[in-house]
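**Student:** pasting the sequence and the predicted coordinates here, then a few questions.
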Amino acid sequence: MAQFIEFLSNHPILVGCWLAAFIGIMVYHQRTGSKGASPAQAITLINRSDALVVDIRDKKDFDEGHIVDALHIPAAKLEQRVAELSKQKGKPIVVVCKHGQQAGDSVKKIESAGHDPVYKLNGGMAEWKGQSLPVVTK
């Protein structure tokens, strides 16, 4: 511990740069990150708050298996079709993608259209299926 304190006192500029970088990363993630919901939290939102599930995956992936009553709007067409969600204002929306990585951008687009609250499914359909939760196939 004594060496750590000595390092801090001998290198204040380096320590300051590390702190600035850490704070910058935290602020960036706070501003750009979207609210996430685990599969268990998503189930609670669906059952208790009548949340709408919006699946943004491709049609092929959607047809292979999706959450019950999910609305399929591919990510590429979300901006043109976001008006379809106007009937659901006031209800929570859960955005689902394949692995939970693409949903953040879609959440931002839906929020900018005036919907709140909007969540992304953490881990996407991969996590949903990984927990052996029910899916509908066509």
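**Tutor:** Okay, I see it. These numbers were taken from a predicted model, which means no experiment stands behind them.
**Student:** nearest residue to A42 other than its sequence neighbours?
**Tutor:** Among residues not flanking A42 along the chain, V94 sits closest, at 5.0 Å (Cβ to Cβ, 6 or more residues apart in numbering). For the C-beta atoms, the positions are set from N, CA and C on the backbone; glycine is no exception.
**Student:** which residues pair with that neighbour across the strands?
**Tutor:** For V94, the beta-bridge partners are V53, Y119 (DSSP bridges).
**Student:** got a list of what it touches?
**Tutor:** Taking Cβ atoms under 8 Å, 6 or more residues apart in numbering as the contact definition, V94 lies against 37, 42, 45-46, 51-54, 118-121.
**Student:** distance of it relative to L45?
**Tutor:** V94 is 6 Å from L45, where distance means Cβ to Cβ, to the nearest Å.
**Student:** joint contacts of those two?
**Tutor:** 37, 51, 119.
**Student:** give me the buried entries from the residues you listed.
**Tutor:** For these, a burial check counting by 16 or more other Cβ atoms under 10 Å picks out 37, 51, 119.
**Student:** mind checking pLDDT for the residue nearest to A42?
**Tutor:** If you check V94, the pLDDT there is 96.
**Student:** now the residue most central in space within the chain. Nearest residue, chain neighbours left out?
**Tutor:** Nearest residue to the geometric centre of the chain (Cα atoms, centre = their mean): K120, 2.7 Å. Distance criterion Cβ to Cβ, 6+ apart; nearest residue to K120, sequence neighbours excluded, is A103 at 3.6 Å.
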